[in-house]
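In: model this:
(chains A, B, C, D, E and F)
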Number of protein chains: 4
Amino acid sequence: MPARQRRKAARPQELLDAALGLFVEKGFAATRTEEVAERAGVSKGTLYLYYPSKEDLLKAVIAQNISREIAESMDRVAQHQGGSAELLRQMLREWWANAGEASCGGICRLMMSEAGNFPALASYYEAEVIEPARRLWRAVLERGIARGEFRPMPLDSTVAALMAPMLFLVMQQHTATSCPQLASPVDPAEVVERIADLVLDGLRAPAAASRVRRA
Amino acid sequence: MPARQRRKAARPQELLDAALGLFVEKGFAATRTEEVAERAGVSKGTLYLYYPSKEDLLKAVIAQNISREIAESMDRVAQHQGGSAELLRQMLREWWANAGEASCGGICRLMMSEAGNFPALASYYEAEVIEPARRLWRAVLERGIARGEFRPMPLDSTVAALMAPMLFLVMQQHTATSCPQLASPVDPAEVVERIADLVLDGLRAPAAASRVRRA
Amino acid sequence: MPARQRRKAARPQELLDAALGLFVEKGFAATRTEEVAERAGVSKGTLYLYYPSKEDLLKAVIAQNISREIAESMDRVAQHQGGSAELLRQMLREWWANAGEASCGGICRLMMSEAGNFPALASYYEAEVIEPARRLWRAVLERGIARGEFRPMPLDSTVAALMAPMLFLVMQQHTATSCPQLASPVDPAEVVERIADLVLDGLRAPAAASRVRRA
Amino acid sequence: MPARQRRKAARPQELLDAALGLFVEKGFAATRTEEVAERAGVSKGTLYLYYPSKEDLLKAVIAQNISREIAESMDRVAQHQGGSAELLRQMLREWWANAGEASCGGICRLMMSEAGNFPALASYYEAEVIEPARRLWRAVLERGIARGEFRPMPLDSTVAALMAPMLFLVMQQHTATSCPQLASPVDPAEVVERIADLVLDGLRAPAAASRVRRA
DNA sequence: CATGAATGAGGGTTCATTCAT
DNA sequence: TATGAATGAACCCTCATTCAT
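Out: Just a heads-up that it's a prediction; the model follows:
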């Protein structure tokens, strides 16, 4: 494969990475297309060979980066053996590990800012990211209930109650990248553990809970 | 006071209200100064008689709107009589009532998007809003521990674990205003109750907790 | 009336005049909006206070300049007293006087180049300019036939045969403004007379013609 | 000659044909070089192997297409036997047949739009196309006068008066290709006949004309 | 010769900001 | 003080042209 073609094949991903970084750091509006091109090591015009507009670039950034991560998490959950409490704690940790450090958190933040200006993008995000994630968490809760490990509970509100703090943490983490003043004063990983401690007490089936406490 | 002067005295607040609404609906970058002036019922030029730039307007919006709400919440907590669990649940509800429906949620969202571009603003926000809020929650936890109602716990991470879901909910609520696709499928007030249920189980002192369960 | 308002009232016409001149000299695509603004004595941004886009500016240029001239010519024809041959000759002269020296010729030329790119504009031009002009010429011919001055004839094709050379002359004249190489080597006014002679009198050999003249 | 070389030899003409078609349909400015290449079945870069710039391509298009057609017409005239009136009518028809349906009309239109932006091209066009055409028409008139078929006349203005409507018709015809709204409502071929009738026969009232005819 | 990825100057358009009235 | 016409820097995007392969 000639060098030129190798470059061409790599371009879209290089541009997406550059765009992701800048959109997440500075916001969509505050990022100039020329900066994206520069960070990707190409000229302004080249960007437009791959993405027809700045908005399409944003769509591609979101489309590409998120669906994949969600899908991977779902796989891991499906294969879990063992207690549901441990599974849930692991999911919390894993989400943090993925989203907190990878791009996902930045994208959540981006969507929260830009959704109003790009309704089509918001619909896509809701359908491809948020809803699958909800199903993922719901599956874990149902598993726990079915196995008698979790007490019966209203599923939808519990799912929301579990996702909310995690989503905030990943957004906060990415905000801190470009704005250290707003960084969490405690290590977010520790907060994740604390969240797990708190909610697992509330989720456990009463019998199990008392047994644990007595131990 | 003649009507003209009353108008003049009210101008800054009218401009701030207009700016708050628009910044929160559309984002800072997507809001034009002319729109702000129009919503406030003045001309484009008049805006600049009161605020020297769009950025200064943003600062004033944040400065004005938040500190007040935080201060009011702190007052209510200081005056509470009764159980700490109930106090905490009430704080969660109250925050939701205030922030979810008033402007505070929109400002959180705004800060999360714009902090990177306005570091000075972020510092101000951290010092005047976030840190006081943390002190407020910490005070409640310390009260509960001191009264034997809550078990001993790592305070900082618990505060973060409590604030995170609430902050997410208010941001989500305000996102939904301009983007219905991203609205929560469950009533956020219900999610607040569910959060309270979950974390209070985890916070209660063991003795108290087991007593509750046995009952 | 304050000076500022007087300026504002005059702006649209100043911009239209500047745009007409430049579009006609250089063509639509080759004219930069900044040039139009400069010729009108304002800055680039000001143009957009009056016309929302370059294309709308072109529409306004055409709408404004032509309909008026056509309407005036129709008036003059309606009021003519005397022989139809002389009326027709006078119309040819007048069209040349108006169109050849005023803006109309430039606009014909502009339409011929740009019609394909702006179909809506072409429809407007056909309905508001071309068709009224056809009616004007047709009216003259019908008048002559009714009065026994002209022989019966196929009207539509005769109208086309009369308009064609005149339209060419005005376009040529305006081309010559920006391109002297293509100027007519004979005075177009003389060509107009010659056209009148030909169509009124024929190309026949002197013998036949002189017999006619003697009559 | 191997196929490859035949292809290579044909390239310039294929490019010129493609360019002619597009320039005439959309105008010079609105045609992208890539479109020309695509229509000619080559890549963008290849175009530049044959023509050093878009402008040079335009020059070649004009140079190539017109001179040839003019030359052919002149030949036919020189060989004509018979009456000058019939010769002239035949020339009108032939011009229409050639120019109206072939490329010449499009090029006239193109020159009229672009002459101002390309003075060198205009000079070339004047010298190679317009002036020879004038000589052609003048020769026909002189022939008629010499044979006593046409009355003496001012030659230059008569030539202009004859060419003007024909040039307009071919331009209009080509405008109609890309803009049906501006198409002539009468068949141009019919208009050509009418032009011939008029200029050969006059617009006079039947009385005058019949006297002539009787002679 | 042929390709097509890459370039970057240039132009249309927006909008925060100014200032004459 | 209030207005709103005017400004012009900045940005998105296009496309003629180049050049490594």
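
In: for the host helix or strand of residue A:136, which positions count as buried?
Out: According to DSSP states H and E, residue A:136 maps onto helix A:131-146. Across helix A:131-146, burial judged by 16 or more other Cβ atoms under 10 Å in any protein chain shown covers A:133, A:134, A:136, A:137, A:140, A:141, A:143, A:144, A:145. Where you see a C-beta, it was placed from the backbone N, CA and C, and this is true even at glycine.

In: Then stretch A:77-96?
Out: For stretch A:77-96, burial by neighbour count (16+ other Cβ under 10 Å) applies to A:77, A:84, A:85, A:87, A:88, A:89, A:90, A:91, A:92, A:95, A:96.

In: Not counting its neighbours along the chain, what's nearest the second one?
Out: Of all residues beyond its chain neighbours, the one nearest residue A:84 is residue A:144 (3.3 Å), with distances taken as Cβ to Cβ, 6 or more residues apart in numbering or on different chains.

In: Then the fourth one?
Out: Beyond its immediate neighbours in the sequence, the residue positioned closest to residue A:87 (Cβ to Cβ, 6+ apart) is residue A:80, lying 4.7 Å away.

In: same deal with residue A:111?
Out: Counting by Cβ to Cβ, 6+ apart, the residue nearest residue A:111 is residue A:125, at 5.3 Å.

In: and the buried residues of stretch A:77-96 as a markdown table, adding pLDDT?
Out: Converted to a markdown table, these look like this (pLDDT from 0 to 100):
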| residue | pLDDT |
| --- | --- |
| A:77 | 72 |
| A:84 | 92 |
| A:85 | 92 |
| A:87 | 91 |
| A:88 | 92 |
| A:89 | 92 |
| A:90 | 88 |
| A:91 | 88 |
| A:92 | 90 |
| A:95 | 83 |
| A:96 | 87 |
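
In: Now for those residues: which two are most distant?
Out: Greatest spacing in the buried residues of stretch A:77-96, by Cβ to Cβ: A:84 and A:96 (18.7 Å).

In: for the residue of chain A found nearest chain C, phi and psi?
Out: Ranking the residues of chain A by distance to chain C (Cβ to the nearest Cβ) places residue A:53 first, at 18.2 Å. Torsion angles at residue A:53 (phi, psi; degrees, to the nearest 10) stand at phi -160, psi 170.

In: follow-up on the earlier one: what's the farthest-apart pair in the buried residues of helix A:131-146?
Out: Put simply, by Cβ to Cβ the two of the buried residues of helix A:131-146 set farthest apart are A:133 and A:145, 19.2 Å from each other.

In: what are the ranges of the helices in chain A?
Out: For chain A, helices defined by DSSP state H occupy the ranges A:3-26, A:33-39, A:44-50, A:54-78, A:84-95, A:101, A:104-114, A:119-125, A:131-146, A:155-178, A:188-203, A:206-214.

In: Compare those and give me the one nearest residue B:33.
Out: For the helices of chain A, proximity to residue B:33 was assessed by Cβ to Cβ; helix A:104-114 is nearest, at 19.3 Å.

In: ok, residue A:63 to chain B distance?
Out: Look at residue A:63 and chain B: by Cβ to the nearest Cβ, to the nearest Å, they are 16 Å apart.

In: Which residue is the nearest non-sequential neighbour of residue A:105?
Out: residue A:170 (3.2 Å).

In: number of nearby residues for the one you found?
Out: 24 (other Cβ atoms under 10 Å in any protein chain shown).

In: close to DNA strand F, is stretch A:9-25?
Out: No: for stretch A:9-25, no contact with DNA strand F is found by Cβ under 7 Å from any atom of the strand; the gap never falls below 10.2 Å.

In: For the closest residue to residue A:22 other than its chain neighbours, list the residues it contacts.
Out: Nearest in space to residue A:22, with sequence neighbours left out and distances taken as Cβ to Cβ, 6+ apart, is residue A:31 at 4.4 Å. By Cβ atoms under 8 Å, 6 or more residues apart in numbering or on different chains, the contact list for residue A:31 reads A:19, A:22, A:23, A:25.

In: quick one: the most centrally placed residue in chain A from chain B, how far?
Out: In chain A, the C-alpha nearest the mean C-alpha coordinate belongs to residue A:104, at 3.8 Å (Cα atoms, centre = their mean). Between residue A:104 and chain B the computed distance is 15 Å (Cβ to the nearest Cβ).

In: what do you get for residue A:204?
Out: According to Cβ to the nearest Cβ, residue A:204 stands 8 Å off from chain B.

In: tally of neighbours for that residue?
Out: Residue A:204: 22 neighbours (other Cβ under 10 Å).

In: okay, now the domains of chain A?
Out: Listed domain ranges for chain A are A:1-51, A:62-214 (source: automatic domain parsing).

In: Kindly reformat those domains as TSV and extend each row with distance to residue C:157.
Out: Shown next, in TSV, are the domains of chain A (distance: least, Cβ to Cβ, whole Å):
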stretch	distance to residue C:157
domain A:1-51	51
domain A:62-214	55
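
In: and residue D:13, which of those is closest to it?
Out: Closest among these, using Cβ to Cβ: domain A:1-51, at 30.7 Å.

In: Now that closest one: average pLDDT?
Out: For domain A:1-51, mean pLDDT is 89.

In: now swap in stretch A:141-156 and tell me
Out: Stretch A:141-156 carries an average pLDDT of 93.

In: got the contact list for stretch A:33-40?
Out: A:11, A:14-15, A:17-19, A:21-22, A:43-47, A:54, A:57.

In: Mind doing that once more with 7 Å?
Out: Outside stretch A:33-40, the residues within contact range by Cβ atoms under 7 Å, 6 or more residues apart in numbering or on different chains are A:14, A:15, A:18, A:19, A:21, A:22, A:43, A:44, A:46, A:47, A:54.

In: Setting the sequence-adjacent residues aside, check what's closest to the first one.
Out: To tie it back to what came earlier, the one meant is residue A:14. Using Cβ to Cβ, 6+ apart and skipping the chain neighbours, the partner closest in space to residue A:14 is residue A:40 (4.5 Å).

In: Next, count neighbours for that neighbour.
Out: Burial of residue A:40 is recorded as 23 neighbouring residues (other Cβ under 10 Å).

In: how close does it sit to residue C:129?
Out: Noted for residue A:40: a distance of 51 Å to residue C:129, by Cβ to Cβ, to the nearest Å.

In: Same question for residue A:49.
Out: Distance from residue A:49 to residue C:129, counting by Cβ to Cβ: 43 Å.

In: Give the residue from the two that has the larger number of neighbours.
Out: Neighbour totals were compared for residue A:49 and residue C:129, and residue C:129 leads with 21 against 12 (other Cβ under 10 Å).

In: roughly how far apart are that one and chain B?
Out: Separation of residue C:129 from chain B (Cβ to the nearest Cβ) stands at 38 Å.

In: Pick out the residue of chain A closest to DNA strand E.
Out: At 1.7 Å from DNA strand E, residue A:45 is the closest residue in chain A, using Cβ to the nearest atom of the strand.

In: and the residue nearest to that residue when sequence neighbours are not counted, how many residues sit next to it?
Out: Nearest non-adjacent residue to residue A:45, counting by Cβ to Cβ, 6+ apart: residue A:37, 8.0 Å away. For residue A:37, the count of nearby residues is 19 (other Cβ under 10 Å).

In: Could you do residue A:75 as well?
Out: A count of neighbours around residue A:75, defined by other Cβ under 10 Å, yields 9.

In: how long is stretch A:41-53 end to end?
Out: Taking Cα to Cα, to the nearest Å, stretch A:41-53 runs 18 Å from one end to the other.

In: List the buried residues in it.
Out: Using 16+ other Cβ under 10 Å as the test for burial, stretch A:41-53 gives A:42, A:47, A:50, A:51.

In: if I look at residue A:25, how far off is residue A:31?
Out: Residue A:25 is 8 Å from residue A:31, where distance means Cβ to Cβ.

In: For chain A, give the residue positioned nearest to chain D.
Out: Counting by Cβ to the nearest Cβ, chain A gets nearest to chain D through residue A:49 (12.2 Å).

In: Now the residue nearest to residue A:87: phi and psi?
Out: Torsion angles, degrees, to the nearest 10, at residue A:80: phi -70, psi 140.
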